[in-house]
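Novice: just to be clear, the model below is a prediction. Sequence and coordinates:
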Amino acid sequence: MVGTSAVNAATLTVSAKADVAEGVVSLTLRHPDDARLPDWTPGAHIDLILPRSSEAESEGGATRQYSLCGDRWDAYTYRIAVLREPEGRGASAYVHDRLRPGDRVGVGGPRNHFPLVPSEKYLFIAGGIGITPLLPMVRQAELLGADWQLLYGGRTRASMAFREELTAAYGDRVRIVPQDELGLLDLATWLSTPRPDTKVYCCGPAPLLAAVEAACVAWPPYALRFERFTAAAQTAPVRETPFEVDLRRTGRTVTVTPHISVLEAVRRAGADVLSSCEQGTCGTCLTPVLEGQPDHRDSVLADHERAANDCMFLCVSRSCGDRLVLDL
């Protein structure tokens, strides 16, 4: 099983807000009483629980996930960055247009489903706002004395958040590649030759992730790790017929029909399961599997984690067989 949740929910204050790129604002969050915040590790994210409003509600809910991109050794502040999404459903517009320093927001987490694992060398690849989870990883790699490089692509220089912060701190270890000036990232040059001693971490838009995954097909197992902001495209589920889910701790059995999720079915049976995105990307509803084989349909677990069959995301994953037993 992967990921942890340090806290379910808290109310924090927006202590600072700044424009960090074209269409990107950063928020600094503190406890209202200046209390210490839960620790986190590079790759972690939090849930931002926005006040109920017509703008946020138009997204079908007011909770969104954002990577922590500040200083993990600062125990009193969290920093996130939010990209304005014109085609979104309102939450990013609310953050950009209405949220102000002094306002309070709910925060869940932190959780980490994109952890930095030990390695002699790292290659970090970021596209656009995908730089946010990689910022703390770069700092950690530098702190540990690892050999690392960062490839950072974006539409324009002006749209690339934290560009100046990175180049000022790390110089030529960081390659800034604005598409309008230099074209797309030259993945073939960097990834055509597998390097057993190097871990590749990537975050960005779906086309970049697909290109990096294709370029790393000959790399050793587990060399590539990436995080998605949107759910990956899915094929049809393994089965289109009902299956049973046993809740071991409560002693109840529920039937999951083709048109409801496992999450909805177990909640109807009285199981208290936290969830957020309900798209298989945030990791909130991760649940231990005691028996059975899940049909994994999330965008979080790596292949070896899926093969273990010891956990699943209830919001999107289903069952390959007639029965699953969950630790609920």
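Specialist: Sure thing, it's come through.
Novice: tell me where the longest strand sits in this protein.
Specialist: Longest strand of the chain, by residue count under DSSP state E: strand 10-21.
Novice: pull out the buried residues from the lengthiest helix in the chain.
Specialist: Longest helix in the chain by number of residues (criterion: DSSP state H): helix 131-144. Using 16 or more other C-beta atoms under 10 Å as the test for burial, helix 131-144 gives 131-141. Quick note: C-beta positions are derived from backbone N, CA and C, even for glycine.
Novice: likewise stretch 249-257?
Specialist: Buried-residue list, stretch 249-257, by 16+ other C-beta under 10 Å: 254, 256.
Novice: with just CA atoms, put that stretch into PDB.
Specialist: Below are the C-alpha coordinates for stretch 249-257, written out as PDB (Å, rounded to 0.1, in the frame of the first residue of the first chain):
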ATOM      1  CA  ARG A 249     -14.500  -5.200  10.000                       C
ATOM      2  CA  THR A 250     -18.300  -4.500   9.800                       C
ATOM      3  CA  GLY A 251     -19.300  -8.000   8.700                       C
ATOM      4  CA  ARG A 252     -21.500  -6.700   5.900                       C
ATOM      5  CA  THR A 253     -21.600  -7.800   2.300                       C
ATOM      6  CA  VAL A 254     -22.700  -5.400  -0.500                       C
ATOM      7  CA  THR A 255     -23.400  -6.000  -4.200                       C
ATOM      8  CA  VAL A 256     -21.800  -3.600  -6.600                       C
ATOM      9  CA  THR A 257     -23.700  -3.300  -9.800                       C
END
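Novice: name the residues that touch that stretch?
Specialist: Stretch 249-257 is contacted by residues 242-247, 262, 265-266, 268-271, 318-319, 327-328 when judged by C-beta atoms under 8 Å, 6 or more residues apart in numbering.
Novice: and those, which are buried?
Specialist: Counted by 16+ other C-beta under 10 Å, these give 243-247, 262, 265-266, 271, 318-319, 328 as buried.
Novice: could you save the buried residues of helix 131-144 as TSV and add columns showing pLDDT and distance to D180?
Specialist: Listed next are the buried residues of helix 131-144 as TSV, based on pLDDT from 0 to 100; distance: C-beta to C-beta, whole Å:
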residue	pLDDT	distance to D180
I131	98	17
T132	98	22
P133	97	25
L134	98	22
L135	98	23
P136	98	28
M137	98	27
V138	98	24
R139	97	28
Q140	97	31
A141	97	29
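Novice: related to what we said a few turns ago, closest to L185 out of the buried ones among the contacts of stretch 249-257?
Specialist: R318 (35.6 Å; C-beta to C-beta).
Novice: report the beta-bridge partners for the closest one.
Specialist: D295 (DSSP bridges).
Novice: per-residue pLDDT, it?
Specialist: Confidence at R318, expressed as pLDDT, is 95.
Novice: contact partners for it?
Specialist: R318 touches 237-239, 243, 256, 262, 294-295, 297, counting by C-beta under 8 Å, 6+ apart.
Novice: what about the strands in the stretch 51-200 of the chain?
Specialist: 63-67, 78-83, 104-111, 121-127, 147-154, 174-178, 198-203 (DSSP state E, counting those that start in this stretch).
Novice: which among the ones you listed is found nearest to C285?
Specialist: C285 lies closest, by C-beta to C-beta, to one member of the strands of the stretch 51-200 of the chain: strand 104-111, at 11.0 Å.
Novice: which residues touch the closest one?
Specialist: 3-14, 29, 32, 38, 40, 44-51, 63, 68, 78, 99, 274, 276, 282-284.
Novice: low pLDDT regions in the stretch 201-328 of the chain?
Specialist: 230-231 (pLDDT under 70).
Novice: you'd agree A161 is up against A81?
Specialist: Yes - the pair A161 / A81 is scored as a contact, 5.5 Å apart, by C-beta atoms under 8 Å.
Novice: any shared contact partners between those two?
Specialist: With C-beta under 8 Å, 6+ apart as the test, A161 and A81 both reach 20, 24, 26, 129, 132.
Novice: gap between the residue of the chain most remote from its centre and A269?
Specialist: Using C-alpha atoms, centre = their mean, the residue of the chain lying farthest from its centre is G251. It sits 33.0 Å away. Applying C-beta to C-beta, to the nearest Å, the value for G251 to A269 is 10 Å.
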